[in-house]
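Novice: Would you be able to build a 3D model of this:
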Amino acid sequence: MSKTHMFRRWRRAAVVGLAAAAVVLSGCSIQISSQPDPSIGDDTMLINADKGNPFFTRNFNPYLTNTRTASRWIYEPLILINPLDGKQNPWLASEWSQPDARTIVMTIRDGVEWSDGEDFTAEDVAFTFDLLKDNPALDIKGAWQHLDGVDVKGGDVVFRLKGEDAPSLSILGQTMIVPEHIWSDVADPGTWRNEEPVGTGPFVLGNYNDQQYSMDRNPDYWQSDSIEIEHVVLPATNSQLDTVTRGYDWAYSFISDVEGTWGAASPHNDWWFPPAGVISLVPNLEVAPFDDVNVRRGIALSLDREEIAETASEGYMQPAGQTGLVLPNQEEYLDPEIPDGGMIAQDADAALAAFAESGYTLQGDRLVGADGEQLEFSLTTANGFSDWTRAAQAVQRQLAAVGVKVTLKLPQPAGYQSAISNGDFEMAIGGMGNGDVYQAYNGLLSSEFYVPSGETTSNNFQRYRSEEADALLAEYRATVDPARQKEIVNELQAIVYDDLPVIGLYYGGIWGLFNDAKFTGWPSEEDPYMIPQNYDSAPLMIFTRLERVKEEGQ
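Specialist: This next block holds a predicted model:
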């Protein structure tokens, strides 16, 4: 029996059943029944996407952190990006061009109306960006970190950039646009709850109370012919049991033993868990001995990523390579010169040889340095992130086999975020990679984010600095030539592979749960047209692709 299969059996056996009266144990199996709400019609979608605290605050300001999930289905971006692979889909901007690396021109889509019947115009776009400039706390995508100014020329909006910055297109394009004729009269947009939202999106606000709210189809939506959902209902929900048993059409949740729980609850239940990032070891490069690449390489060679992935993700996700790319999503960017697709196989002898380059030798069951002290460090992860904790425990066990002592630190999530932002850690569980290859490498490698430990940064938590990486990132920003951009990506992934600024372990998953009894056309491995999350702007694309299941004879 393979090691992977043994671990899968062990992990499945360890799953705690979803308790309460809805769960019926029969022998060794768990049988769960999903009972759809009979009051919800065939034209209505029940979505588990907005949990409340525990009740809903009526807040539809799309720029506030505590906004209702559906506010991002009311307000739309200029460009809709698939976070899986970075594909840019025209949305409120029908097309765009980059005449040079300092200028972006977007053509605003004709025939779009706000849900109150007013015309959507290029002036609304310019107003939105000026609003964000005047209220920096609302600039959640960081548009004005890149912008020098915004001008309207007929039906076009011209974005003047601060410098050569071709990749800023994706950041500017994701900005959600609001109507000037309403928001220009708002005294304080940073606190305004926007209780009666007016947007360009496929739905408008329906009924609302502190336990549940609904959305109704916008009949004047610019893609109304593609929307077959008449109503959307979003209850306040909190538990896995509720997710499995309530009869949701769409949910987003990590569920232990998804086949035996969600899958068993209804023959119409399906799921898709694509990779969307790389869960990694993040060394603090300002803390010895992690400033030594041979120590980082020794750690990387000591790890069995297949076991870590199986243990951490309960078999849902695959081990990850050391390129910074998310595969297979970004297969087109993978440099064929990097061996084995960037995978680093466990090799204890090679690990000890790498450690020996830095003066560490195995004495009994301890890896010791020239000073006779054992190599040991603390590994920080967030308390409550169960897959990360299991990954940390697996790393702890595997490094013990080569004589390295690891102790675990599990602060609460807020404390964890503070620790990695401020450099208050030796090594941490974190991540790298996303659908936009430039933004992924820039956030990982750019010294623009470097601050010494003790000061706060929003990226490059490991405090990496490389003149070569900075030069490549600058060249990428300065070119609009896709061929040269791809060559630069090859060089950046070689840096990640050779220099190990972070150490990839396994892919982090997106936990899409669907029911196709009423609606079909969900994204899938065979048709990955959009990430299967039901928050942020991704549902805008998915709503246009779903089709009602017709009764025979209809």
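
Novice: Low-confidence stretches in the stretch 1-150 of the chain?
Specialist: Counting by pLDDT under 70, the stretch 1-150 of the chain shows low-confidence ranges at 1-38, 53-54.

Novice: can you rerun that using 80?
Specialist: 1-39, 52-55 (pLDDT under 80).

Novice: the helices in it, which residues?
Specialist: Per DSSP state H, counting those that start in this stretch, the stretch 1-150 of the chain carries helices over the ranges 3-14, 71-74, 122-134.

Novice: So which other helices or strands are in contact with the shortest one?
Specialist: Pointing back at helix 71-74 there. Counting by 3 or more CB pairs under 8 Å, 6 or more residues apart in numbering; DSSP states H and E, the packing neighbours recorded for helix 71-74 are strand 203-208, helix 538-545. In this view, the C-beta of every residue, glycine as well, is placed from N, C-alpha and C.

Novice: Would you agree L205 is in contact with R217?
Specialist: No. Contact between L205 and R217 fails when scored by CB atoms under 8 Å: they sit 11.9 Å apart.

Novice: Name the nearest residue to N66, sequence neighbours excluded.
Specialist: Sequence neighbours aside, N59 is the residue nearest to N66 in space, at 6.0 Å (criterion: CB to CB, 6 or more residues apart in numbering).

Novice: Wait, the one you found touches P197, no?
Specialist: No. Contact status for N59 versus P197: not in contact, 9.7 Å apart, counting by CB under 8 Å.

Novice: hey, what's in contact with both of these two?
Specialist: The overlap between the contact sets of N59 and P197 (CB atoms under 8 Å, 6 or more residues apart in numbering) consists of S71.

Novice: neighbour count winner among the two?
Specialist: P197 (25 against 17; other CB atoms under 10 Å).

Novice: tell me the secondary structure for the more buried one?
Specialist: Recorded secondary structure, P197: coil (DSSP: H, G, I helix; E, B strand; the rest coil).

Novice: distance of it from S115?
Specialist: P197 sits 8 Å away from S115, taking CB to CB, to the nearest Å as the criterion.

Novice: Identify the contacts common to these two.
Specialist: With CB under 8 Å, 6+ apart, P197 and S115 have common neighbours 74, 204.

Novice: ok, back up a step: deepest in the core, which of the helices and strands packed on helix 71-74 is it.
Specialist: Per-stretch averages of neighbours, counted by mean count of other CB atoms under 10 Å, single out helix 538-545 among the helices and strands packed on helix 71-74, with a mean of 21.

Novice: Packing partners of that helix?
Specialist: helix 71-74.

Novice: Can I get the helix it packs on in PDB, CA atoms only?
Specialist: Provided in PDB are the C-alpha atoms of helix 71-74 (Å, rounded to 0.1, in the frame of the first residue of the first chain):
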ATOM      1  CA  SER A  71     -22.500  44.600  -2.700                       C
ATOM      2  CA  ARG A  72     -19.800  43.200  -5.100                       C
ATOM      3  CA  TRP A  73     -22.600  41.800  -7.300                       C
ATOM      4  CA  ILE A  74     -24.300  45.200  -7.400                       C
END
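
Novice: returning to what we had before: mind putting the helices and strands packed on helix 71-74 in a markdown table, distance to V451 included?
Specialist: Written out in a markdown table, the entries for these read as follows (distance: least, CB to CB, whole Å):
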| stretch | distance to V451 |
| --- | --- |
| strand 203-208 | 42 |
| helix 538-545 | 32 |
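
Novice: List the buried residues for stretch 274-292?
Specialist: Buried residues in stretch 274-292, counting neighbours by 16 or more other CB atoms under 10 Å, are found at 274-285, 287, 289-290, 292.

Novice: Between these, which sits nearest E331?
Specialist: Within these, proximity to E331 (CB to CB) peaks at P275, which comes in at 11.7 Å.

Novice: State the distance from that closest one to P339.
Specialist: In this view, P275 and P339 are 21 Å apart by CB to CB.

Novice: on that earlier part again, pipe the helices and strands packed on helix 71-74 into JSON lines and attach mean pLDDT and distance to I227 per row.
Specialist: Putting those into JSON lines (pLDDT from 0 to 100; distance: least, CB to CB, whole Å) gives the following:
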{"stretch": "strand 203-208", "mean pLDDT": "96", "distance to I227": "8"}
{"stretch": "helix 538-545", "mean pLDDT": "98", "distance to I227": "6"}
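
Novice: Nearest to L327 among the ones you listed would be which one?
Specialist: For the helices and strands packed on helix 71-74, distance to L327 was read as CB to CB. The smallest value, 20.4 Å, belongs to helix 538-545.

Novice: What lies in contact with the closest one?
Specialist: Helix 538-545 has contacts (CB under 8 Å, 6+ apart) with 72-73, 76, 80, 82-83, 89, 91, 201-202, 223, 226-227, 229, 521-523, 529-534.

Novice: Filter those residues down to the ones in strands?
Specialist: Judged by DSSP state E, the subset of these located in strands is 80, 89.

Novice: Of the contacts of helix 538-545, select the buried ones using a PyMOL command.
Specialist: Applied in PyMOL, the following selects the buried portion of the contacts of helix 538-545 according to 16+ other CB under 10 Å:
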select buried, resi 72+73+76+80+82+83+91+201+202+227+229+521+522+523+529+530+531+532+533+534
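
Novice: Who are the contact partners of N209?
Specialist: Here N209 is in contact with F56 (criterion: CB under 8 Å, 6+ apart).

Novice: That one and T44: what is the separation?
Specialist: Per CB to CB, N209 is found 17 Å from T44.

Novice: From T65, how far off is D139?
Specialist: Distance check for D139 against T65: by CB to CB, it reads 13 Å.

Novice: Neighbour count: those two, which is higher?
Specialist: Taking D139 and T65 together and counting by other CB under 10 Å, D139 has the greater number of neighbours (18 against 8).

Novice: With that, I have no additional questions.
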